[in-house]
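**Student:** Mind folding the following:
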Amino acid sequence: MTAPGAPHFDAAFRDDLRRLMAWRRDVRHFQTHPVDEAVLTRCLSAFSAAPSVGLSEPWRLIRVSSPAARAAAITNFETANAQALAGYDGEDAETYAGLKLSGMHQAPVHLAVFSDEATTKGRGLGRATMPEMLRYSVVGAIQLFWLAARAEGLGVGWVSILDPEALTEALDVPKDWHLVAYLCVGWPRADHATPELERAGWEARAKSLIVEDR
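**Tutor:** Next comes the predicted model:
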């Protein structure tokens with residue numbers, strides 16, 4: 001039952017929302033065309049609508065634009081990726097080597113998203129026993145941004161094969177900022193409803209959700 005004054009979302013909207021979530025894919029193959037600033041601004045406004053523990057709004061965004069900063073990030077990825085490959089052998093190593101795990105060379109927009117671990121906003125509410133809630137809040141905001149980007153036709157790729165300490169130093173951000181995500185944003189070369197790792201044979205998505213009672 002809808003509460004008085006709450007917006008009504010009809011069946012068509014709910015179907016669209018499910019389709020949007022299904023088409024939210026981690027994109028690695030980008031066109032190099034620039035992203036219009038107005039489009040990017042609309043997507044970034046999702047951060048302002050995101051929930052956060054204690055209303056702390058701990059997300060801090062760096063747009064990685066300069067050639068030097070991008071080169072540092074790409075080198076960081078390439079080093080970490082080589083180390084990760086060395087941890088596999090046999091068929092897994094062969095499959096891993098063939099995966100496209102970064103769109104950093106093609107994506108026109110790079111965003112480094114941090115959690116401000118020293119923020120006083122929110123006065124510590126909700127994180128005395130779970131300080132990681134700051135980072136969880138940033139992840140929730142990223143997901144809203146991702147859906148907003150997909151609704152505009154943009155793709156987003158989350159690069160996690162990185163040395164966060166080295167990247168934090170290279171981007172010269174405050175020492176209390178913790179790297180949560182490095183995002184590549186741009187127009188996808190192709191759209192797929194199936195995750196790329198599943199298409200490449202790395203892993204399969206679970207067919208059902210198991211919810212246990214206690």
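
**Student:** Contact partners for Arg189?
**Tutor:** Residues in contact with Arg189 (C-beta atoms under 8 Å, 6 or more residues apart in numbering) are 29-31. Using the backbone N, CA and C atoms, a C-beta is placed for each residue, glycine as well.

**Student:** and which of those residues is nearest to Asp213?
**Tutor:** His29 (42.2 Å; C-beta to C-beta).

**Student:** re the thing from before, return the closest of the contacts of Arg189 with respect to Ala128.
**Tutor:** Phe30 (41.5 Å).

**Student:** For the closest one, give the beta-bridge partners.
**Tutor:** Pro188 (DSSP bridges).

**Student:** How many neighbouring residues does it have?
**Tutor:** Taking other C-beta atoms under 10 Å as the criterion, the count of residues near Phe30 is 24.

**Student:** Next, the contact list for Thr79, please.
**Tutor:** By C-beta under 8 Å, 6+ apart, the residues touching Thr79 are Asp163.

**Student:** Quick check: it vs Leu167, distance?
**Tutor:** 11 Å (C-beta to C-beta, to the nearest Å).

**Student:** And for Arg63?
**Tutor:** 14 Å.

**Student:** Tell me if I'm right that Ala118 and Leu134 touch.
**Tutor:** No: counting by C-beta atoms under 8 Å, Ala118 does not reach Leu134; the two are 9.7 Å apart.

**Student:** Any buried residues in stretch 128-136, and which?
**Tutor:** Neighbour-count burial for stretch 128-136 flags 133-136 (criterion: 16 or more other C-beta atoms under 10 Å).

**Student:** Secondary structure element for the spatially most central residue of the chain, which one?
**Tutor:** What sits nearest the mean C-alpha location of the chain, by C-alpha atoms, centre = their mean, is Trp158, with 4.4 Å. Assigned by DSSP states H and E, Trp158 falls within strand 155-159.

**Student:** Can you give the distance from that strand to the centre of its chain?
**Tutor:** In terms of C-alpha atoms, centre = their mean, to the nearest Å, the centre of strand 155-159 is found 6 Å from the chain centre.

**Student:** As JSON lines, the contacts of Arg189 with pLDDT would be great.
**Tutor:** Converted to JSON lines, those look like this (pLDDT from 0 to 100):
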{"residue": "His29", "pLDDT": "95"}
{"residue": "Phe30", "pLDDT": "96"}
{"residue": "Gln31", "pLDDT": "96"}
